[in-house]
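J.: This is a predicted model, with the sequence first.
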There are 4 protein chains.
Amino acid sequence: MEKKLNFASDYMKGAHPAILERLAQTNMMETPGYGHDPFSESARRKIREACGCPQAQVEFLVGGTQTNATVIDALLRSWQGVVAAQTGHIATHEAGAIEAGGHKVLALPHTDGKLDPAVVRAYLADFHADGNRDHMVAPGMVYISHPTEYGTLYSKKDLQDLRAVCDEYGIPLYLDGARLGYALACPENDLTLCDLADLCDVFYIGGTKCGALFGEAVVVPDPDRIQAFFTIIKQHGALLAKGRILGIQFDVLFTDGLYERIGLPAMTAAAQIRAALEKKGYQQCFGSPTNQIFCIMENRRLEAFGESVEYSFWEKYDDSHTVIRLATDWGTTDQETQALIGLL
Amino acid sequence: MEKKLNFASDYMKGAHPAILERLAQTNMMETPGYGHDPFSESARRKIREACGCPQAQVEFLVGGTQTNATVIDALLRSWQGVVAAQTGHIATHEAGAIEAGGHKVLALPHTDGKLDPAVVRAYLADFHADGNRDHMVAPGMVYISHPTEYGTLYSKKDLQDLRAVCDEYGIPLYLDGARLGYALACPENDLTLCDLADLCDVFYIGGTKCGALFGEAVVVPDPDRIQAFFTIIKQHGALLAKGRILGIQFDVLFTDGLYERIGLPAMTAAAQIRAALEKKGYQQCFGSPTNQIFCIMENRRLEAFGESVEYSFWEKYDDSHTVIRLATDWGTTDQETQALIGLL
Amino acid sequence: MEKKLNFASDYMKGAHPAILERLAQTNMMETPGYGHDPFSESARRKIREACGCPQAQVEFLVGGTQTNATVIDALLRSWQGVVAAQTGHIATHEAGAIEAGGHKVLALPHTDGKLDPAVVRAYLADFHADGNRDHMVAPGMVYISHPTEYGTLYSKKDLQDLRAVCDEYGIPLYLDGARLGYALACPENDLTLCDLADLCDVFYIGGTKCGALFGEAVVVPDPDRIQAFFTIIKQHGALLAKGRILGIQFDVLFTDGLYERIGLPAMTAAAQIRAALEKKGYQQCFGSPTNQIFCIMENRRLEAFGESVEYSFWEKYDDSHTVIRLATDWGTTDQETQALIGLL
Amino acid sequence: MEKKLNFASDYMKGAHPAILERLAQTNMMETPGYGHDPFSESARRKIREACGCPQAQVEFLVGGTQTNATVIDALLRSWQGVVAAQTGHIATHEAGAIEAGGHKVLALPHTDGKLDPAVVRAYLADFHADGNRDHMVAPGMVYISHPTEYGTLYSKKDLQDLRAVCDEYGIPLYLDGARLGYALACPENDLTLCDLADLCDVFYIGGTKCGALFGEAVVVPDPDRIQAFFTIIKQHGALLAKGRILGIQFDVLFTDGLYERIGLPAMTAAAQIRAALEKKGYQQCFGSPTNQIFCIMENRRLEAFGESVEYSFWEKYDDSHTVIRLATDWGTTDQETQALIGLL
């Protein structure tokens, strides 16, 4: 059987080769556990520098759902909930991890996967206007992802506006950067790591989907923002004993700006695929400019396509059409891209 | 500065070299996520075979606290608690992860870190004898670790007795095998993987401390024992996106019986260290026959010792003495062992 | 200052006089605590008889949110959520009590406050059709209220259809009867207590809003449906030490069929108010046939109205109109009703 | 069958007659719900005055377990646990309500049911001395009860010392006053309500066991101590819709100092019973000076005794003896006391 092209997701491969190389080099060294090792310290320094935020607390966790559950629990008090887009990962695909921690996800309507600052403001204004809301879950923070589940991006203006809304109501803003590497490599993006450090209370730099074997780096620009974060991480089962495995990976990713350009091959491939889709008359959805490409395919056509290409089913469009997702990644080759285009 | 000898713990190094090699070989392959990959499938098959349990459900999680919290939550109903030794890891050093899941740890007195079957039976008998216990947390399972926190081992007879107690009261038995590799390599151990599959409702085979970069393999001999385990794992933030990273590691560890002999160097080293301690008149504690060695050292002597050796503080013995722990591991060399002995 | 008319809610008065009388008569008797008293036993027998369900488990809890949180926790496993209308009480006005217990409320679109069986079936079918839903919260039960938050009623046919949907997917159906007394007294209602016992896995008979000082009677027609319910109630802080205070109240309410007719004065009053509203040209909302009357009032008119009448603000209708709620209850007098009509 | 004497507990009767009378008088009045009624306001004022604490927040909850779970959840952050005596109610007889809220009960050895300030200080000192405790549950508050489960009392000096320990470590002190009425009426007690307001961060004045039908009044001397307490109460299912039922009861209890003397009949009875026990040579336990009397009875003797008297089994003393509890209450009559003494 010939190997299929694989555009199903961006976590189908291992890690950037430089990471494996460094793991091998350092393998038999002995270091303290739980992130108290020199590799983790070095990675923290480099991330602080990349974020222009020398005092930031940086912690390394293993995966996205875990990171979201841990950070949200750390930011909320027991009676509070987290505002998110109805399409947000925490609202849909985390198996109730946020609720398992005792918190309601307060899901608001979205625009192409994004939370509109005006929608958030209207919601918060309505909540606080009415003196009778003490029987309801209080919105205690705002969660967004960048890129969103739909591959779309917040502009710097969007983020400034969300920040302003959060400030008006005194609640923190948290950004899930599971695919942040693809945002940073995207020509349409105008948000830097420094902007995130400036505008978010907490954000995380995704490793799993952006070149690491696994791992997410949580950045807390003001380390006083979260008390006892280490213990909270431990309580959530999110503390890696050999923390250096995370430290080494992020140390490599933040050496010579690798993380900020690791998504470039994915962007090049995605641009070519989008152009081909357009040329061939496919309707594209959600306006994603990043490494996730959404398009509508006729069901009969999809059947044949699926024999040669691994893709993601997104949702039914109508009785005879389907919305599918194609994802490129840091390791997508030109050869794979051209082969895919040939099959469209 | 000269490098210190490091006997502080058994998670100070990376992974067995064969693991890193295999990770490198397979790095650019594309496989499905979340453990639905051929490496994980292969590892499951090999583990089922090693456990003599062809129908077992095997799931790979990342770390010990996470695994305990997930399995315990999966086995208990909301009103139940988990019986454990007062010294059990879940009772002491998991930052309240079990309670965060809503469950009380019902801590019983221990004997050198072990739960005595008679103590458990007396507790359960007392609980169920009295009709008035419906204001109390019902014991819903028994948790043990093998080796224990004190390095001690359950005999096959012990485990059979605990199994019998659990059967009498209709509750499951769960064994935490964070350091299982060191039990399996220990001459005093008479419990095989097949025995564990036979006598436990759930147990986990520890990777993190036994040669993996990280990872624990949960074995559920009767797959009907736990419903919706995959979703429970996801809800606990314990599902690795690139599940194959776990699958590859356990596939290597269970190729040619590596796991069952990986602890041998640790045993050899520990035996030599114990002999040296005895010869030099140190008092040893808890009777641990595995890779954790506990001894009492005079504080002034310890100060000098600590300049050359990383060790673990265990507890104060008296005003002038301290109980310390020295841990060997799969990678401890004879050179290191001799150097340590020279310093005693 | 003259006393205002009070149509703000149905929990503004004390209890039916027969209840207070019985509390006084029995006050100095000594009985066991926690519901193990003869009054509670008598109330249980009468409720079982009224429900045509001699084997039912009946437990008395204190309030509605508490009852919902306790029953839902008892029916769900940790990874499951509860399906409810977006307007359901548990989805909106219980301050996150369900999420505090670890469960997501899976909110579906409603029709005048009701869950359409077809909508529930489509949701469950979609969830189970797709093999990939193990990253999502599994729907583990269905919650409805009767009457709903909008005062509307399920027909017997509706409830049979919901039952059929639940049976198809093997999940329990739970009915919140906070205002059940007003349903039972409503001419449009065709659901009896026996029907509820027949069609629901669990339901509760509301006391607080239907003539008691407080208290809700949970009925579990098949007592095997919930394990360890007593302990679950205790764990939720929902076990009244002097359980007889609840038992006495429900014993009175279920003597000579009082509960089934206690809502009649509320129905009479509501019918007259509805007729008056219609005659005077007010637009009524949601089609509630029970003791909650919703109508639209012009804001300037409302200001004057509010000087004489306590009402509930429901929601803004447009810039110049408001939806208000008027509630009648078991103690509403004809004099009050006529006075209110005079002010419309 | 002749009626047995009932000394089984202090919640066997209804309420002080003045409470029932006032409930009857006010029954048909219409007042706002959720504690926003004039009776609750009046009760709050009187309690504030009795506590010498005009700014205190006072909230009325329904029962003890509920109150403990709610207050503890309000005072702790997610990673913290509550320090209590091993015999504390929250550690033993609340069915895991505290753990269900996510918090570990950090149980310390007790002295006759009391927490020794020196033991608490040593525990906290040890926890904070060691920099490595971030894998453990952080002690976030101290819980005591007055009287304790063993009927014993803290002296003012004890409470000042506990306060000092809490201040040293910056954690709040919470006092469970389920039986506070019996402490206040006890000659050996030197702690006033004003002292409690002065020395505790939160305490509750027990109604259920001290003359009310049910209800506990939580006092928060500094209202800034707990944020969003109303919503937390609602989230815990602890908010009574007809809050006035609680307000009326505490208004009566705090009119003309009733609460502070309501326990006197219980004290008189207990003193006579203790004297009789001593005279007749029974060994008494724990040194309780309040309304709970503990003594050792020979099993054969107990069998006969139990035919005439309802008592509480406390624990097995040895193979032929049992520790029993006899409880007097606000309504115990001299006739009952003499009858009991006659049976000893």
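T.: Received, thanks.
J.: Would you mind naming what in the stretch 201-344 of chain A lies close to chain B?
T.: Residues of the stretch 201-344 of chain A that fall close to chain B, judged by Cβ under 8 Å from any Cβ of the partner chain: A:208-209, A:213-214, A:231-232, A:234-242, A:245, A:310, A:331. Using the backbone N, CA and C atoms, a C-beta is placed for each residue, glycine as well.
J.: now the stretch 1-150 of chain A, which segments are flagged as low pLDDT?
T.: Segments of the stretch 1-150 of chain A classed as low confidence (criterion: pLDDT under 70) are A:1-2, A:130-132.
J.: which parts of it sit against chain C?
T.: A:78-79, A:81, A:92-96, A:99-100, A:102-105, A:132, A:134-137.
J.: which ones among the residues of the stretch 201-344 of chain A next to chain B are found in helices?
T.: A:231-232, A:234-235, A:245 (DSSP state H).
J.: Report the buried residues of the helix or strand harbouring A:Asp126.
T.: A:Asp126 belongs to helix A:117-129 when assigned by DSSP states H and E. Across helix A:117-129, burial judged by 16 or more other Cβ atoms under 10 Å in any protein chain shown covers A:117, A:119-121, A:123-124, A:127.
J.: Quickly check those residues for the two that are furthest apart.
T.: The span of the buried residues of helix A:117-129, defined through Cβ to Cβ, is set by A:Pro117 and A:Phe127 at 15.5 Å.
J.: Tell me how far A:Cys166 lies from A:Gln55.
T.: Using Cβ to Cβ, to the nearest Å, A:Cys166 is found at 21 Å from A:Gln55.
J.: My guess is A:His236 contacts A:Asp73. True?
T.: Yes - the pair A:His236 and A:Asp73 passes the contact test of Cβ atoms under 8 Å, sitting 6.9 Å apart.
J.: Looking at those two, which is more packed in?
T.: Each of A:His236 and A:Asp73 has its neighbours counted (other Cβ atoms under 10 Å in any protein chain shown); A:His236 has more, 29 against 24.
J.: any idea of the mean pLDDT for the lengthiest helix in chain A?
T.: In chain A, with assignment by DSSP H, the single longest helix is helix A:264-279. Mean pLDDT, computed over helix A:264-279, is 98.
J.: Give the other helices and strands that that helix contacts.
T.: Packing contacts for helix A:264-279, counted by 3 or more Cβ pairs under 8 Å, 6 or more residues apart in numbering or on different chains; DSSP states H and E, involve strand A:292-298, helix A:334-343.
J.: quick check, distance from that helix to the centre of its chain.
T.: Relative to its chain's centre, helix A:264-279 lies at 21 Å (Cα atoms, centre = their mean, to the nearest Å).
J.: again with stretch A:108-128
T.: In terms of Cα atoms, centre = their mean, the centre of stretch A:108-128 is found 20 Å from the chain centre.
J.: before we move on, what about stretch A:42-49?
T.: Relative to the chain's own centre, stretch A:42-49 is displaced by 20 Å; criterion: Cα atoms, centre = their mean.
J.: ok, now stretch A:283-297?
T.: Taking mean C-alpha positions (Cα atoms, centre = their mean), stretch A:283-297 and its chain are 17 Å apart.
J.: still on that earlier bit, neighbour-wise, which of the ones in helices among the residues of the stretch 201-344 of chain A next to chain B leads?
T.: A:Gln235 (29 neighbours).
J.: Which residue is the nearest non-sequential neighbour of it?
T.: Leaving aside its sequence neighbours, A:Gln235 sits nearest to B:Ala95 (Cβ to Cβ, 6 or more residues apart in numbering or on different chains; 4.1 Å).
J.: How much space separates the one you found from chain C?
T.: B:Ala95 sits 18 Å away from chain C, going by Cβ to the nearest Cβ, to the nearest Å.
J.: Now do the SS call for that residue.
T.: With DSSP: H, G, I helix; E, B strand; the rest coil as the basis, B:Ala95 sits in coil.
J.: Run a quick neighbour tally on it.
T.: 28.
J.: can I assume it is in contact with D:Val137?
T.: Yes - assessed by Cβ under 8 Å, B:Ala95 is found in contact with D:Val137 at 6.1 Å.
J.: so what's in contact with those two at the same time?
T.: When contacts are counted by Cβ atoms under 8 Å, 6 or more residues apart in numbering or on different chains, B:Ala95 and D:Val137 have D:Trp79 as shared neighbours.
J.: returning to that earlier point: let me know the closest of the buried residues of helix A:117-129 to chain B.
T.: For those, the closest approach to chain B (Cβ to the nearest Cβ) belongs to A:Val120, at 25.9 Å.
J.: in terms of contact, does the closest one touch A:Leu108 like I think?
T.: Yes - in this structure, A:Val120 is within contact of A:Leu108 by Cβ under 8 Å, at 6.6 Å.
J.: joint contacts of those two?
T.: With Cβ under 8 Å, 6+ apart as the test, A:Val120 and A:Leu108 both reach A:Val83.
J.: now the strands for the stretch 1-150 of chain A?
T.: A:5-6, A:57-61, A:80-85, A:105-108, A:138-145 (DSSP state E, counting those that start in this stretch).
J.: Give me the helices and strands touching the first one, please.
T.: Spelled out, it's strand A:5-6. Strand A:5-6 packs on strand A:309-310, helix A:334-343, going by 3+ Cβ pairs under 8 Å, 6+ apart.
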